[in-house]
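[1] Structure for the following, please:
(chains A and B)
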Amino acid sequence: MTVDSDLRQAKQPVSGALAGPYGHPFHPILVTVPIGAWVCSLVFDIASKIVDRPGFLTHGSAWLIAIGVLGALAAASVGFLDLFAIPTGTPAFRTALLHMTLNLTVTAAYAAGFFWRQGDGYAGGQSVGNGQLTLSAVALATLGVSGYLGGKLAYRYGVRVAAESVQAEGYRSTRTTP
Amino acid sequence: MDIAALVAWIVTALGGFFLLVRWISGGGLRQQQTRTTGFPAPLVFGHFLLAAAGLVVWIVYLAADEDALAWTSFGVLVAVALLGFTMLARWIPVYRAAPATTEAMTPAERHLPVPVVGAHGLLAATTLVLVLLAAIGVGS
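    A predicted model of the protein is given here:
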(Lines give C-alpha, C1' and ligand atoms only; values in the text may rest on other atoms or scores of the structure.)
Protein backbone atom coordinates (compact mmCIF):
# COMPACT_ATOMS: atom_id res chain seq x y z
CA MET A 1 0.00 0.00 0.00
CA THR A 2 1.44 3.38 -0.98
CA VAL A 3 1.37 6.41 1.27
CA ASP A 4 -1.11 8.05 -1.07
CA SER A 5 -3.60 5.18 -1.09
CA ASP A 6 -3.24 4.79 2.69
CA LEU A 7 -4.03 8.47 3.12
CA ARG A 8 -7.06 8.21 0.87
CA GLN A 9 -8.32 5.09 2.64
CA ALA A 10 -8.32 6.85 6.02
CA LYS A 11 -10.67 9.48 4.58
CA GLN A 12 -13.36 6.93 3.75
CA PRO A 13 -15.93 5.77 6.31
CA VAL A 14 -16.12 2.00 6.83
CA SER A 15 -19.88 2.43 6.82
CA GLY A 16 -21.45 5.74 5.84
CA ALA A 17 -24.69 4.94 7.62
CA LEU A 18 -22.99 4.11 10.93
CA ALA A 19 -19.88 6.31 11.02
CA GLY A 20 -21.18 9.25 9.01
CA PRO A 21 -20.87 9.86 5.27
CA TYR A 22 -17.69 10.88 3.48
CA GLY A 23 -16.63 14.33 4.66
CA HIS A 24 -19.12 14.36 7.57
CA PRO A 25 -18.12 11.95 10.34
CA PHE A 26 -20.28 11.40 13.44
CA HIS A 27 -17.44 11.01 15.96
CA PRO A 28 -16.61 14.74 16.35
CA ILE A 29 -20.18 15.66 17.26
CA LEU A 30 -20.51 12.85 19.80
CA VAL A 31 -17.32 13.71 21.71
CA THR A 32 -18.86 17.08 22.65
CA VAL A 33 -21.09 15.33 25.22
CA PRO A 34 -18.41 13.76 27.46
CA ILE A 35 -16.06 16.73 27.10
CA GLY A 36 -18.76 19.23 28.05
CA ALA A 37 -20.22 17.10 30.83
CA TRP A 38 -16.86 16.32 32.42
CA VAL A 39 -15.60 19.92 32.27
CA CYS A 40 -18.83 21.04 33.96
CA SER A 41 -18.45 18.26 36.51
CA LEU A 42 -15.06 19.62 37.57
CA VAL A 43 -16.49 23.14 37.77
CA PHE A 44 -19.25 21.78 40.04
CA ASP A 45 -16.62 19.95 42.14
CA ILE A 46 -14.55 23.10 42.69
CA ALA A 47 -17.65 25.21 43.31
CA SER A 48 -18.81 22.70 45.94
CA LYS A 49 -15.71 23.66 47.92
CA ILE A 50 -16.70 27.33 47.82
CA VAL A 51 -20.49 27.72 48.23
CA ASP A 52 -22.34 27.51 51.55
CA ARG A 53 -24.72 24.61 50.84
CA PRO A 54 -22.94 22.48 48.21
CA GLY A 55 -25.26 19.43 48.27
CA PHE A 56 -26.87 20.16 44.88
CA LEU A 57 -23.47 20.67 43.24
CA THR A 58 -22.11 17.37 44.58
CA HIS A 59 -25.15 15.49 43.41
CA GLY A 60 -25.23 17.32 40.07
CA SER A 61 -21.56 16.60 39.49
CA ALA A 62 -22.20 12.86 39.80
CA TRP A 63 -25.01 13.15 37.24
CA LEU A 64 -22.65 14.96 34.86
CA ILE A 65 -20.03 12.24 35.25
CA ALA A 66 -22.62 9.57 34.42
CA ILE A 67 -23.85 11.53 31.38
CA GLY A 68 -20.24 11.88 30.27
CA VAL A 69 -19.57 8.15 30.60
CA LEU A 70 -22.62 7.21 28.52
CA GLY A 71 -21.74 9.87 25.94
CA ALA A 72 -18.15 8.63 25.86
CA LEU A 73 -19.31 5.09 25.13
CA ALA A 74 -21.40 6.34 22.23
CA ALA A 75 -18.47 8.41 20.92
CA ALA A 76 -16.16 5.42 21.36
CA SER A 77 -18.43 3.13 19.34
CA VAL A 78 -18.29 5.43 16.35
CA GLY A 79 -14.63 6.20 16.99
CA PHE A 80 -13.95 2.47 16.67
CA LEU A 81 -15.40 2.51 13.17
CA ASP A 82 -13.10 5.37 12.20
CA LEU A 83 -10.16 3.44 13.66
CA PHE A 84 -10.89 0.56 11.31
CA ALA A 85 -10.59 2.94 8.36
CA ILE A 86 -6.94 3.75 9.14
CA PRO A 87 -4.36 1.44 7.53
CA THR A 88 -2.40 -0.48 10.18
CA GLY A 89 1.32 0.00 10.73
CA THR A 90 1.18 3.74 10.00
CA PRO A 91 1.95 6.62 12.40
CA ALA A 92 -1.70 7.67 12.05
CA PHE A 93 -2.83 4.24 13.24
CA ARG A 94 -0.45 4.30 16.21
CA THR A 95 -1.67 7.79 17.15
CA ALA A 96 -5.26 6.56 16.91
CA LEU A 97 -4.50 3.57 19.15
CA LEU A 98 -2.96 5.85 21.79
CA HIS A 99 -5.94 8.23 21.49
CA MET A 100 -8.31 5.31 22.01
CA THR A 101 -6.37 3.84 24.94
CA LEU A 102 -6.19 7.16 26.79
CA ASN A 103 -9.90 7.78 26.24
CA LEU A 104 -10.92 4.32 27.44
CA THR A 105 -8.76 4.81 30.54
CA VAL A 106 -10.33 8.20 31.22
CA THR A 107 -13.83 6.74 30.80
CA ALA A 108 -13.02 3.89 33.18
CA ALA A 109 -11.60 6.37 35.71
CA TYR A 110 -14.76 8.47 35.56
CA ALA A 111 -16.94 5.37 35.92
CA ALA A 112 -14.94 4.36 38.98
CA GLY A 113 -15.26 7.90 40.34
CA PHE A 114 -19.01 7.75 39.86
CA PHE A 115 -19.35 4.57 41.95
CA TRP A 116 -17.00 6.01 44.55
CA ARG A 117 -19.29 9.05 44.92
CA GLN A 118 -22.41 6.85 44.99
CA GLY A 119 -20.87 5.06 47.96
CA ASP A 120 -20.70 8.28 49.95
CA GLY A 121 -24.29 9.21 49.13
CA TYR A 122 -25.66 12.74 48.78
CA ALA A 123 -28.12 12.98 51.68
CA GLY A 124 -25.56 14.71 53.89
CA GLY A 125 -25.31 17.69 51.54
CA GLN A 126 -21.52 17.59 51.77
CA SER A 127 -19.01 18.97 49.26
CA VAL A 128 -17.09 16.67 46.93
CA GLY A 129 -14.28 14.73 48.62
CA ASN A 130 -10.70 15.85 47.88
CA GLY A 131 -9.69 12.43 46.55
CA GLN A 132 -12.69 12.33 44.23
CA LEU A 133 -11.96 15.85 42.97
CA THR A 134 -8.32 14.95 42.32
CA LEU A 135 -9.33 11.86 40.38
CA SER A 136 -11.62 13.96 38.19
CA ALA A 137 -8.93 16.60 37.66
CA VAL A 138 -6.32 14.04 36.61
CA ALA A 139 -8.83 12.33 34.33
CA LEU A 140 -9.73 15.64 32.68
CA ALA A 141 -6.06 16.51 32.17
CA THR A 142 -5.55 13.12 30.49
CA LEU A 143 -8.60 13.84 28.36
CA GLY A 144 -6.87 17.03 27.24
CA VAL A 145 -3.87 15.03 26.04
CA SER A 146 -6.00 12.49 24.19
CA GLY A 147 -8.11 15.30 22.73
CA TYR A 148 -4.92 16.89 21.40
CA LEU A 149 -4.13 13.60 19.66
CA GLY A 150 -7.63 13.56 18.21
CA GLY A 151 -7.08 16.97 16.74
CA LYS A 152 -3.77 15.77 15.31
CA LEU A 153 -5.54 12.84 13.65
CA ALA A 154 -8.07 15.14 11.99
CA TYR A 155 -6.13 18.29 11.20
CA ARG A 156 -2.66 16.91 10.61
CA TYR A 157 -3.33 13.41 9.26
CA GLY A 158 -6.72 14.11 7.70
CA VAL A 159 -8.50 11.04 9.07
CA ARG A 160 -12.12 11.19 7.83
CA VAL A 161 -11.42 14.56 6.26
CA ALA A 162 -12.49 15.09 2.64
CA ALA A 163 -9.74 15.24 0.03
CA GLU A 164 -8.44 18.67 -0.94
CA SER A 165 -9.99 18.41 -4.38
CA VAL A 166 -13.37 18.12 -2.67
CA GLN A 167 -12.50 20.91 -0.23
CA ALA A 168 -11.88 23.18 -3.23
CA GLU A 169 -15.63 23.11 -3.94
CA GLY A 170 -16.08 25.47 -1.00
CA TYR A 171 -13.92 28.14 -2.57
CA ARG A 172 -14.96 28.05 -6.21
CA SER A 173 -15.75 31.70 -6.75
CA THR A 174 -18.37 32.91 -9.22
CA ARG A 175 -17.09 36.43 -9.00
CA THR A 176 -16.00 37.91 -12.30
CA THR A 177 -12.74 39.80 -12.07
CA PRO A 178 -13.18 43.57 -12.52
CA MET B 1 -27.36 -15.88 36.19
CA ASP B 2 -26.74 -12.18 35.57
CA ILE B 3 -23.00 -12.56 35.97
CA ALA B 4 -22.96 -15.75 33.89
CA ALA B 5 -24.66 -13.84 31.08
CA LEU B 6 -22.11 -11.04 31.41
CA VAL B 7 -19.18 -13.45 31.19
CA ALA B 8 -20.69 -15.28 28.22
CA TRP B 9 -21.36 -11.95 26.51
CA ILE B 10 -17.79 -10.74 26.98
CA VAL B 11 -16.22 -13.99 25.77
CA THR B 12 -18.57 -13.97 22.76
CA ALA B 13 -17.48 -10.39 22.06
CA LEU B 14 -13.80 -11.33 22.21
CA GLY B 15 -14.40 -14.04 19.62
CA GLY B 16 -16.35 -11.55 17.57
CA PHE B 17 -13.45 -9.09 17.70
CA PHE B 18 -11.12 -11.80 16.44
CA LEU B 19 -13.47 -12.53 13.52
CA LEU B 20 -13.77 -8.81 12.73
CA VAL B 21 -10.00 -8.32 12.63
CA ARG B 22 -9.61 -11.43 10.45
CA TRP B 23 -12.31 -10.18 8.08
CA ILE B 24 -10.77 -6.70 7.78
CA SER B 25 -7.23 -8.00 7.27
CA GLY B 26 -8.67 -10.42 4.71
CA GLY B 27 -9.76 -7.38 2.70
CA GLY B 28 -13.37 -7.05 3.85
CA LEU B 29 -13.34 -3.26 3.54
CA ARG B 30 -11.44 -3.12 0.25
CA GLN B 31 -13.94 -5.60 -1.23
CA GLN B 32 -17.00 -3.49 -0.44
CA GLN B 33 -17.10 -1.67 -3.79
CA THR B 34 -16.67 -4.82 -5.88
CA ARG B 35 -19.02 -6.83 -3.66
CA THR B 36 -16.42 -9.60 -3.55
CA THR B 37 -17.29 -9.97 0.11
CA GLY B 38 -20.81 -11.08 0.92
CA PHE B 39 -20.73 -9.00 4.10
CA PRO B 40 -21.83 -5.39 3.52
CA ALA B 41 -20.10 -3.04 5.98
CA PRO B 42 -23.35 -1.86 7.66
CA LEU B 43 -24.22 -5.51 8.39
CA VAL B 44 -20.86 -6.21 10.03
CA PHE B 45 -20.56 -2.96 11.94
CA GLY B 46 -24.26 -2.81 12.80
CA HIS B 47 -23.93 -6.23 14.43
CA PHE B 48 -20.85 -5.03 16.33
CA LEU B 49 -22.35 -1.71 17.49
CA LEU B 50 -25.67 -3.25 18.59
CA ALA B 51 -23.88 -5.99 20.52
CA ALA B 52 -21.66 -3.41 22.22
CA ALA B 53 -24.64 -1.20 23.06
CA GLY B 54 -26.51 -4.22 24.43
CA LEU B 55 -23.55 -5.08 26.62
CA VAL B 56 -23.57 -1.55 28.06
CA VAL B 57 -27.32 -1.84 28.78
CA TRP B 58 -26.66 -5.21 30.49
CA ILE B 59 -23.92 -3.72 32.66
CA VAL B 60 -26.24 -0.86 33.66
CA TYR B 61 -28.89 -3.52 34.47
CA LEU B 62 -26.40 -5.26 36.78
CA ALA B 63 -25.93 -1.95 38.62
CA ALA B 64 -29.52 -0.66 38.59
CA ASP B 65 -31.51 -3.94 38.77
CA GLU B 66 -34.40 -2.63 36.67
CA ASP B 67 -36.34 -5.34 34.80
CA ALA B 68 -36.88 -3.07 31.80
CA LEU B 69 -33.13 -2.98 31.21
CA ALA B 70 -32.90 -6.76 31.15
CA TRP B 71 -35.70 -6.97 28.59
CA THR B 72 -34.10 -4.21 26.50
CA SER B 73 -30.86 -6.19 26.46
CA PHE B 74 -32.77 -9.25 25.31
CA GLY B 75 -34.50 -7.33 22.53
CA VAL B 76 -31.19 -5.88 21.34
CA LEU B 77 -29.63 -9.37 21.40
CA VAL B 78 -32.44 -10.74 19.23
CA ALA B 79 -31.62 -8.09 16.62
CA VAL B 80 -27.90 -8.86 16.98
CA ALA B 81 -28.63 -12.56 16.47
CA LEU B 82 -30.66 -11.90 13.32
CA LEU B 83 -27.72 -9.97 11.84
CA GLY B 84 -25.38 -12.71 12.96
CA PHE B 85 -27.47 -15.43 11.32
CA THR B 86 -27.48 -13.40 8.11
CA MET B 87 -23.68 -13.41 8.13
CA LEU B 88 -23.61 -17.12 8.95
CA ALA B 89 -25.89 -17.85 6.01
CA ARG B 90 -23.53 -15.93 3.70
CA TRP B 91 -20.40 -17.45 5.21
CA ILE B 92 -21.36 -21.12 4.82
CA PRO B 93 -21.33 -21.25 0.99
CA VAL B 94 -18.08 -19.26 0.88
CA TYR B 95 -16.46 -21.67 3.32
CA ARG B 96 -17.62 -24.66 1.26
CA ALA B 97 -16.51 -23.30 -2.12
CA ALA B 98 -12.96 -23.73 -3.40
CA PRO B 99 -10.75 -20.67 -2.95
CA ALA B 100 -10.63 -18.25 -5.89
CA THR B 101 -7.57 -17.86 -8.08
CA THR B 102 -6.23 -14.63 -6.62
CA GLU B 103 -6.12 -13.26 -3.12
CA ALA B 104 -8.12 -10.23 -4.19
CA MET B 105 -10.93 -12.37 -5.59
CA THR B 106 -11.28 -14.50 -2.45
CA PRO B 107 -14.08 -13.20 -0.24
CA ALA B 108 -12.66 -11.86 3.03
CA GLU B 109 -14.97 -14.06 5.10
CA ARG B 110 -13.16 -17.13 3.81
CA HIS B 111 -10.44 -16.23 6.35
CA LEU B 112 -12.80 -16.83 9.29
CA PRO B 113 -11.77 -20.09 10.99
CA VAL B 114 -14.53 -22.65 11.56
CA PRO B 115 -13.80 -23.27 15.28
CA VAL B 116 -14.01 -19.55 16.08
CA VAL B 117 -17.21 -19.10 14.06
CA GLY B 118 -18.71 -22.12 15.81
CA ALA B 119 -17.61 -21.04 19.29
CA HIS B 120 -18.79 -17.48 18.74
CA GLY B 121 -22.21 -18.72 17.64
CA LEU B 122 -22.56 -21.19 20.52
CA LEU B 123 -21.49 -18.66 23.13
CA ALA B 124 -23.80 -16.06 21.59
CA ALA B 125 -26.74 -18.46 21.80
CA THR B 126 -25.79 -19.22 25.41
CA THR B 127 -25.70 -15.50 26.19
CA LEU B 128 -29.12 -15.03 24.62
CA VAL B 129 -30.61 -17.83 26.72
CA LEU B 130 -28.96 -16.62 29.93
CA VAL B 131 -30.20 -13.05 29.36
CA LEU B 132 -33.74 -14.33 28.75
CA LEU B 133 -33.65 -16.48 31.87
CA ALA B 134 -32.41 -13.55 33.92
CA ALA B 135 -35.11 -11.28 32.47
CA ILE B 136 -37.94 -13.69 33.34
CA GLY B 137 -36.53 -13.98 36.84
CA VAL B 138 -35.00 -17.44 36.98
CA GLY B 139 -32.23 -17.69 39.55
CA SER B 140 -32.85 -14.32 41.20
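[2] where are the low-confidence patches of the chain?
    Here I'm looking at chain A. Along chain A, segments meeting pLDDT under 70 span A:1, A:176-178.
[3] my bad, chain B
    B:139-140.
[4] hmm, try it at 50
    Within chain B, no stretch has pLDDT under 50.
[5] of all the residues in chain B, which ones are close to chain A?
    Residues of chain B lying close to chain A (C-beta under 8 Å from any C-beta of the partner chain) are B:24-25, B:29, B:41-42, B:44-46, B:48-49, B:52-53, B:56. No exception for glycine: its C-beta is placed from N, CA and C like everyone else's.
[6] Outside of the one helix or strand A:Thr134 maps to itself, list whatever touches it.
    A:Thr134 belongs to helix A:130-151 when assigned by DSSP states H and E. Residues outside helix A:130-151 that contact it (C-beta atoms under 8 Å, 6 or more residues apart in numbering or on different chains) are A:31, A:34-35, A:38-39, A:41-42, A:45-46, A:49, A:65, A:95, A:98-99, A:102-103, A:105-106, A:109-110, A:112-113, A:116-117.
[7] what's around A:Leu42, how many residues?
    Look at A:Leu42: counted by other C-beta atoms under 10 Å in any protein chain shown, it has 19 neighbours.
[8] now the residue of chain A found nearest chain B: how far from B:Val44?
    With C-beta to the nearest C-beta, the shortest gap between chain A and chain B falls at A:Ser15, namely 4.1 Å. From A:Ser15 across to B:Val44, the span is 8 Å (C-beta to C-beta, to the nearest Å).
[9] Spit out the contact partners of the closest residue to B:Leu83 other than its chain neighbours.
    With sequence-adjacent residues excluded and distances taken as C-beta to C-beta, 6 or more residues apart in numbering or on different chains, B:Leu83 is closest to B:His47, at 4.1 Å. Shown in contact with B:His47 (C-beta under 8 Å, 6+ apart): B:16, B:80, B:83-84, B:87.
[10] And these, which of them are buried?
    B:16, B:80, B:83-84, B:87 (16 or more other C-beta atoms under 10 Å in any protein chain shown).
[11] Can you classify the residue nearest to B:Leu83 as helix, strand or coil?
    helix (DSSP: H, G, I helix; E, B strand; the rest coil).
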